Structures are given as structure tokens and as C-alpha cells.
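Visitor: okay, structure incoming, though there's no sequence with it:
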């Protein structure tokens, strides 16, 4: 059978499994699925989009895909920043957004069970009714889905203290690439089950299975949060302050960094006034209200030791929102100004003490590659920064420079003992970067191990082919 | 070549790699390696014991093992409780205790790098000089080694708050079953590297590689710890109190449980007085000193709501040690009384709200199977209890009853949504239990996945064969 014929038959049989209305093939319906949130990677229109309503339907569709050797790409909200969910090779997209129920909230046992397609903010809204939440908070949480956040091991601002999704997954229901359904992990706070299959499916980027349900550990909301805004004469001073705070044994809930250029964009686009200095940090402290004055003092001393020029804090919700506005608005406002048509976002991570060198190096590289519109901000508390820059990729010379700059930033991070990705993942845009990272450690064989595991779980290479490795 | 001939040649070549004095073959040297800490599993004398001094030597020996198809078993201190490190089938033991250096302590970047053979308490002694530590605290921490704790994903008392080793591993150097050396993970607090290979080697029980170095996240020592001793009229009331405390959004550092029988052993063997009641909890609260009086009050209210008959607390180190003595001494004192020659220790885990039912069920099963010498204690904060019982395994009828009881406890945990192991692992003693657990979830195929992954990483089945699956 021809490839086109196989896809046609696959689609017809899939209609019988999920129902006609949940198989999309009209171009106006499927066109949005050609992209993820990183517009700099090539897009690809899928052969069809299928919206299953249950685990059984997902399993049925995956078995069909094996029968007809049709590539499939699982998808949540499509907010990945690496091309991870772009359906190359005429693939069929499996959109999990219909599977969005909360199944059980159990406060005494510290877990919530939900379907993979639920939006993160919707899930947290339910949990907050009880004074609990799921701490990781990717910027896209208003649309990002639970299953995709697990598949991408997403992070966010609170990663400074509470890590990424990896730390919060207790159990998973997964449809394997061959269609079998397995439940791994449990509702327990710890379990040993031979090789840990739960963790195998966290951060796998849709290569090894389709997550359909998850059991997540939950945590009490902070007793109290105090927000600090502090600015410094140089980005390096701001980065040094991060290490100084950690040495003093404080573990802030969030530590966010903005460089002056980002601050200027926020000031002019939003008409607000930010403090003087070449960089600022927004720091959230959480803990017992009785101890807050002492914690604030320790942080202030650490910042002063790094030449801080402005230090203010608040626990008033209105003022706190104002202090936070600059960080929250940085990405959308820089996008709105959009000085050039295309935007690339980096995600390198280094040990926090290497941040001053990393940030200095990024500015030097920008000069070398004539990148004018560069904004540096990110989750500096865990050493993860998101340099973001605007270029015109339709200009071949500028395109070449832009991608060289992108690669050189990764090389710089590697040379500082860092990694090419902290939370966005590999997708298609960082495949070479990952190889370089492993090569620098004499560990290219790790790529072979990943390929071997992929091939035994997905013998027909059905699931998200061509990504990561 | 005969199997014996192959082993002889393997040993001769191994001598050239690690040096004569580090290859043990005399019976008085190798006899201690025939056991782990669970004496109820059959023991097996190894063909030899090799003590490599470097990663290169480990790699060389593993390559040799592949050449001669000689099974090898990596070993730390041998304190596993499942038979995980018993060298069945005339295997050769690779003892990593010579590789015990601290390589780097980095406070600003929140990590320590050390060799796999370092003892956990030795590592923590170094970290505590700076006011930091690695939180998980298996009972055997004075001898247990870092690499083995990672391979076993060990837990401990502080697991109630800080989880198991899984949460603290940032990076690993691993000698694969075929002898290649790879570095996975990084010194960064987060990283995305395709499929997460770090987590694949956490809790693998020596099936997939030999961990030679680890990069571990570290954490500030608690600002303050207050210890509470509280007793209840019934074990069920004590278990209910755990859920009540959690609902009130308190997350204690430790929550330990002792039943009356265990309390009695401690009282009579140590000559101390414990409070009245049929069960007790030892609870450590950590946090800001300013908030402690309030936290203690919340815990006291939760305990009173569950009929607590005695409640005391202290932050005086001498009194705290006394309050803790009962829990710490439970295992050694019960072993010292040793009413029967053999001891079996369970490790089932359930969602904490199921603890009352679990504990009640364990006593009922003990009656049914005529197990007289049963002590129930454990890490109740994360739903993990260690019922421990003494029997005479040389009596065939008693042996049958003992292992039936052991199995029935696992079945009870499974029926309550729990797991057969929380932290001890599978080894040889829980292989059937693991199959039953997956079967109960309709997920026996998970065992196939584990086997597939094992076979692609270890094609000659050299490493710790016959364990787990």
C-alpha cells in the first residue's frame, strides 16, 4: 500500500474508534497544529488531527498507527519551544485536550489524579480550594496541559525551590508506542518497582508513550510570601547575589532576573517606572510569617554585599503584583515591540556561580554576531536563563548569524559546566546541541542508549519520529 | 571453555587490572560477601571479590566479565534487605568501598561530587561543616555507601519531608554493563537531555550499570528542630493522626511509628519508661524558630483530635535524644531479644489514610498465621511501615507460615492501593510480589518493558542476573 493510501485507511478506521467529529482533516481545522510556540523551526501541516476521549480510544488509535505504520505526535496545548510537537513527515496529531477531568483530590494522602489534557491552571484552581497546589509553574500554565508538562518535565519560576515536574509525579497511566496500556508508580509517596518506569516517561518528549492520566503529589500553599525587588549596577552583580543568598542558607520560592534592555522595554511599553541599575531581581520568599522580617534582612545583606542600588519589598497583594509585573510582562511586551519579525528563545542552564560569566559571555557573543535586539531574563535561581532575540530569518545572512549565535550560547554554557536545556527540552532545535553536550563529557554513547531504549519500546518508530535523537 | 575455566581466566586477568591484593579468593576473605542484611534469603559464596580503585578499573573488569561471560554483582556495604547483592550463580562481587573520595563541595551551586563508595555519614560529616547536608537518612547510614543508596533509591526517616535519593541526584558517572563509561545529568539544578538517563540508574538495583561517581544536590540543615513524642490508645488512632497533621498543612521532617510490642521491648531491654497507650509517634518539626510554638500547637490539636493520651515535646538536645531513643533502638533491641532465630522485615507502603486499615490487617494476619513475635514500626509519615517478625525457618511448617504471612502482608498493601516496597526494593525476596502488584493494576506488561531495557543495556546478562525480574 502507498504511504498516502495507508494514511487514508488509517484515518477511516480511526473515525470508527473516536467518532467522525473528532477526526479533523479540513485545512482550516488542522492548520494551527502545524506549529509550536517556537516559530523559528520549520512548520509542518499534519495529515489529520485526532481528539480521543478516553485511554481506550488512544490505545486503539496507537494500535492502528502501528498497523498502518503512520507516524503520530501526541500534543497538549502546543506551547513547546523546540519544535517538539511539530508533525513532520505527514504525521497525525493526537490532541489530548478532550481528556481533561480531575479524577480524585486526596488531601490526607497528598495527591491528585487527573487526565492528561487538563490545563495546569484549571487543576491548580481546584487544588487551591483546599489550600494546596502543584508547585511547578511554566509560563504557559494557563493553557499548558498536565500530560505535556510531564512529557516535557516543565519547570517555571518556582523551580528555584520546588524543581520541575519530575519531582511531583507519583504515578502514570501510559499508552505505549505499541498500544498496550500500563499503570506505573502508585498513589504512594514512595515506591520501588524494579527499574523506575515513571521517571522514564518524565521528560521523554513524546518519544516513548502517550501519558493519559497522572497521579501528582501536591503541597501546601506557602504560609506567607514576601516579594522583593532589587536592582544592581551590573548583570554580574545581580548574578553574584544569587550565590550570596544561597550561601546564607535561604531558599527563595522564586528568583527572577531581568537585564536593563528588558527593563527598558517594560518601562516604555507599560508606562511604569523601574529602579535604576543595569539589572534587577524579583525574589519571592516563602515561609512562616513570624520569620519573614529576619529572612528579608538576610537577603538584603546579601544583595548589599553585591552592590545593590535599590531594594524594596512588600507583602501587600496589590504592590506585590506591581513588583512582579515587569517579570511577567517581559516576554509578551518584548514580543509586542517585536523589532524584527522572528524571535528565538534560549534555555541554557549553568551552575549558579557561573551566571556572571555566562551573562557577560552572552553579551559579548551578541556583539560578535551583530545581534541587536537581545533581551536576557529568566529563572536565575536555578541557573536557567532565557536569552531571547529578534532577527529577520528571511534574510539569509542574518539567519546564518542568528543560528550561529544560538549555537555559540549553547557552547558557552557547556564550557561553563552547564547544559543546553534546563526546561524547554531538545525537540528539533537542540538535537546538535545535545550531541555537543554529551561529546564534551566524552559521553556520546548516551545518545546510543537513548536510541536503544526508543527502539525496544517503539519498534516501528511510530511515536514522534525524528525528534531528540 | 568450561564455566570454571572462564572464571579462573577472568580472575587472573582481573588481577592485572586492579592489582593482586585487590582480588580476594580465600574463603575467609570472601565469606562475608555471601550475605546481605536479610538473612532469610539463601546465601551464596562468590567466586571472587574484586576491589577496584578507579572508574577505569571498574570499566576494565566489566569488559572482562563480558569477554568471559562471568556474572558480576556490584556491592557497597551489603546492607540491602532483599537479597539484592547476594552473588548467586558463582558470581564475582565488585566491592566499591575503595572508591570513597569527596571530589568537590560547592555551596553556592548546591552540590557535592563524590565517589560511589563513600559512606553516607562520612559524606554528611563533610557537608555539615558548612551547615548543609544530603537529607535522606537510611537506618544504615553509618556504613551504607552513596552509590548503593542511589542504586537502591534509599529512603529513611526524613523521607516524610525530603523523599528518597531520587530527588537529590543531579548527575552520575556510570560504567555500563558492556564496560562503556558515561556521564549523565550535570552539575546544574535542572537539565533536559532527551530521555532522562540519570533517573534510569536510580533504584535499578545494580541491573543496568555500576555507579562510580555522583553529583548530589545538597540542602541547608534545618534552622531548628523540635521533637514531639505522642502516644495513642490504639495504632489506628496514631495512624489517623498522621493524616490529620497533613490536612493541617504541616509537613514534619520525620514521623515515626512504634506499636506497643515494640515499645515494651524497648522499655524492658533499655530500662526506660515510655508513655501509656498502644502506639506512639515520634515527630520532628523543622522550620523557623519564631514559628515553632505555633506549629507545635497545630500538631498537638491534630493529635488530641485522635485521642492522644500523652503529648510532650522538647528542643533540648539531651531530652530530644532520649525521646528518639525508643525509635532508634527498636530494630537493634528487637534483634537483641531475638525470641526466634530468624528475622523477616517488611517494607510495604500505602497512601497514609489507609494506614489504620493496613495496621489492623497486619495484626489480624499475624493471628491467622500464628506469628507471635511481631513488631510494627516504621516511617509512617510517607505511609511506609516495617512490620518485623521472628520465626524459626528451620521448622518447615513455621517456614511455610512465615512466608505466607510475608506474602499476605504484600497482598493487603496492594488491596489498599499500596505497593510491596517503599524503599527496600525487590531483590530476590519480592520478585513475585512485584508481579502481583503490577497484575493488580492490569500492568504485567511493565515487567516486559523492564526486561527489554535490561536486555538492550546488558546483552550478555552480566550484571546482577536473576534479580528483580
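Guide: Done, it's in. Predicted model, so just to flag it, every value in this text is computed and none were measured.
Visitor: residue A:317: neighbour count?
Guide: As a burial measure, residue A:317 scores 10 neighbours (other CB atoms under 10 Å in any protein chain shown). Placement of C-beta: from N, CA and C, glycine included.
Visitor: so what pLDDT did it get?
Guide: Looking at residue A:317, its pLDDT stands at 93.
Visitor: also the one 5 residues further on?
Guide: Note for residue A:322: predicted pLDDT of 85.
Visitor: tell me the SS of it?
Guide: helix (DSSP: H, G, I helix; E, B strand; the rest coil).
Visitor: who touches it in this structure?
Guide: Residues near residue A:322 by CB atoms under 8 Å, 6 or more residues apart in numbering or on different chains: residue A:272.
Visitor: measure it to residue A:227 for me?
Guide: 9 Å (CB to CB, to the nearest Å).
Visitor: next one: residue A:333
Guide: Residue A:333 is 19 Å from residue A:227, by CB to CB.
Visitor: ok, residue A:258 next?
Guide: Residue A:258 is 14 Å from residue A:227, by CB to CB.
Visitor: the two: which has the busier surroundings?
Guide: residue A:258 (26 against 22).
Visitor: doesn't the more buried one belong to a helix?
Guide: No: using three-state DSSP, the secondary structure at residue A:258 is strand, not a helix.
Visitor: for it, which residues are in contact?
Guide: A:266, A:279, A:280, A:281, A:282, A:326, A:327, A:330, A:376, A:377.
Visitor: find the nearest non-adjacent residue to residue A:140, please.
Guide: residue A:79 (4.0 Å; CB to CB, 6 or more residues apart in numbering or on different chains).
Visitor: for burial, what's the neighbour tally of the one you found?
Guide: Neighbours around residue A:79, by other CB under 10 Å: 22.
Visitor: helix/strand/coil for it?
Guide: Under three-state DSSP, residue A:79 comes out as coil.
Visitor: surely it and residue A:142 touch.
Guide: No: contact criterion CB atoms under 8 Å: residue A:79 and residue A:142 do not qualify, at 9.7 Å.
Visitor: got the contacts of residue A:258 as CSV, with pLDDT columns?
Guide: Listed next are the contacts of residue A:258 as CSV, based on pLDDT from 0 to 100:
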residue, pLDDT
A:266, 87
A:279, 96
A:280, 96
A:281, 97
A:282, 96
A:326, 80
A:327, 82
A:330, 81
A:376, 93
A:377, 92
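Visitor: now render those as TSV, adding secondary structure, distance to chain B and neighbour count.
Guide: Shown next, in TSV, are the contacts of residue A:258 (DSSP: H, G, I helix; E, B strand; the rest coil; distance: CB to the nearest CB, whole Å; neighbours: other CB atoms under 10 Å in any protein chain shown):
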residue	secondary structure	distance to chain B	neighbour count
A:266	helix	26	23
A:279	strand	18	26
A:280	strand	20	29
A:281	strand	16	29
A:282	strand	18	24
A:326	helix	24	24
A:327	helix	19	23
A:330	helix	20	26
A:376	coil	18	25
A:377	strand	17	25
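Visitor: looking at the residues you listed, which one is closest to residue B:248?
Guide: residue A:282 (30.7 Å; CB to CB).
Visitor: quick one, helices of the stretch 1-150 of chain A?
Guide: For the stretch 1-150 of chain A, applying DSSP state H, counting those that start in this stretch gives helices covering A:3-18, A:27-30, A:55-68, A:120-128, A:146-151.
Visitor: which other helices and strands contact the second one?
Guide: Counting by 3 or more CB pairs under 8 Å, 6 or more residues apart in numbering or on different chains; DSSP states H and E, the packing neighbours recorded for helix A:27-30 are strand A:48-50.
Visitor: give the other helices and strands that the strand it packs on contacts.
Guide: Checking 3+ CB pairs under 8 Å, 6+ apart, strand A:48-50 ends up next to helix A:3-18, strand A:23-24, helix A:27-30, strand A:92-95.
Visitor: and the gap between residue A:72 and residue A:80?
Guide: Residue A:72 is 16 Å from residue A:80, by CB to CB.
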